[in-house]
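Undergrad: Can you look at this prediction? I've put the sequence above it.
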Amino acid sequence: MRDFATLHRELKLKPFLESPLGALYLSREVPGTSRLIVRHFDGSLPSTMVGPFVALLRSAQQWLERNPELERLVSIEQPVEVGSDFVARKHHLYGVNLASYTEWDDPPAPPPQLARMQKAFRGSLGKSTDPRDTFLEKVLARSLMEATAKTYFDDDEERFIVVDLKPTADEVKRWAALSAPGTR
């Protein structure tokens, strides 16, 4: 398992954005390969939270997959590499995102899939008594129901892509506690 220093050296990462969950870095362009966004767990989340962060991403995708309509309409970008103190994912290029439909002066028309996706999401809420599901619903709502620059509609896939799920650092820590062995 690589660490951030090794990855930084090998991929010649460039600083991209500061984030409360860890600084983001962008890999350089290499013809024929996808660029990567790398989150370095160097902020309010220590490297011990890499595993819970990745588990949260996977669990959120699994929550969506339990509803066939949501599974068709939404995908959460999953890591392509997990290191001891970083998570790397594919870098997406897009111009229009969920925030664009409400925050621009002259907003584009949202795709018809937006209303279907949000209706399916609302219809899936509250069906489980598992506290982990309730927790996931809260985190997912910020990426699917609120104006965010981290979710966009991919015309080719005809679905929404959540490029960066929006938990807080405290929520990642809470997820670690909720998901610990023996907590059901």
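TA: Received, thanks. Since the model is a prediction, treat every value here as computed from it, not as a measurement. Numbering: from 1, shown residues only.
Undergrad: what about the strand or helix carrying residue 50, distance to the chain center?
TA: Using DSSP states H and E, residue 50 falls within helix 50-65. Using CA atoms, centre = their mean, to the nearest Å, the mean C-alpha position of helix 50-65 is found 9 Å from that of the whole chain.
Undergrad: pull the CA atoms of it into PDB?
TA: Output of helix 50-65 as PDB, limited to C-alpha atoms (Å, rounded to 0.1, in the frame of the first residue of the first chain):
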ATOM      1  CA  VAL A  50      -9.000   6.600   5.300                       C
ATOM      2  CA  GLY A  51     -10.800   3.200   5.800                       C
ATOM      3  CA  PRO A  52     -14.000   4.700   7.300                       C
ATOM      4  CA  PHE A  53     -14.100   7.300   4.500                       C
ATOM      5  CA  VAL A  54     -13.800   4.700   1.800                       C
ATOM      6  CA  ALA A  55     -16.400   2.500   3.600                       C
ATOM      7  CA  LEU A  56     -18.800   5.500   3.700                       C
ATOM      8  CA  LEU A  57     -18.400   6.000  -0.100                       C
ATOM      9  CA  ARG A  58     -19.100   2.300  -0.700                       C
ATOM     10  CA  SER A  59     -22.000   2.100   1.700                       C
ATOM     11  CA  ALA A  60     -23.600   5.200   0.100                       C
ATOM     12  CA  GLN A  61     -23.400   3.500  -3.300                       C
ATOM     13  CA  GLN A  62     -24.900   0.300  -1.900                       C
ATOM     14  CA  TRP A  63     -27.700   2.300  -0.300                       C
ATOM     15  CA  LEU A  64     -28.500   3.700  -3.800                       C
ATOM     16  CA  GLU A  65     -28.300   0.200  -5.400                       C
END
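Undergrad: Show me which positions of that helix end up buried.
TA: 50, 52-53, 56-57, 59-61, 63-64 (16 or more other CB atoms under 10 Å). All C-beta atoms are positioned from the backbone trio N, CA, C, and that covers glycine.
Undergrad: list the contacts for the closest residue to residue 61 other than its chain neighbours?
TA: Spatial nearest neighbour of residue 61, chain neighbours left out: residue 76 (4.6 Å); criterion: CB to CB, 6 or more residues apart in numbering. Counting by CB atoms under 8 Å, 6 or more residues apart in numbering, residue 76 touches 57, 60-61, 64, 143, 161-162, 165.
Undergrad: Name the nearest residue to residue 136, sequence neighbours excluded.
TA: Nearest to residue 136 is residue 63, by CB to CB, 6+ apart, at 4.7 Å.
Undergrad: in the helix or strand of the chain with the lowest mean pLDDT, what counts as buried?
TA: Sorting the helices and strands of the chain by mean pLDDT, DSSP states H and E puts helix 100-103 at the bottom, at a mean of 90. Neighbour counts over helix 100-103 (16+ other CB under 10 Å) mark 100-101 as buried.
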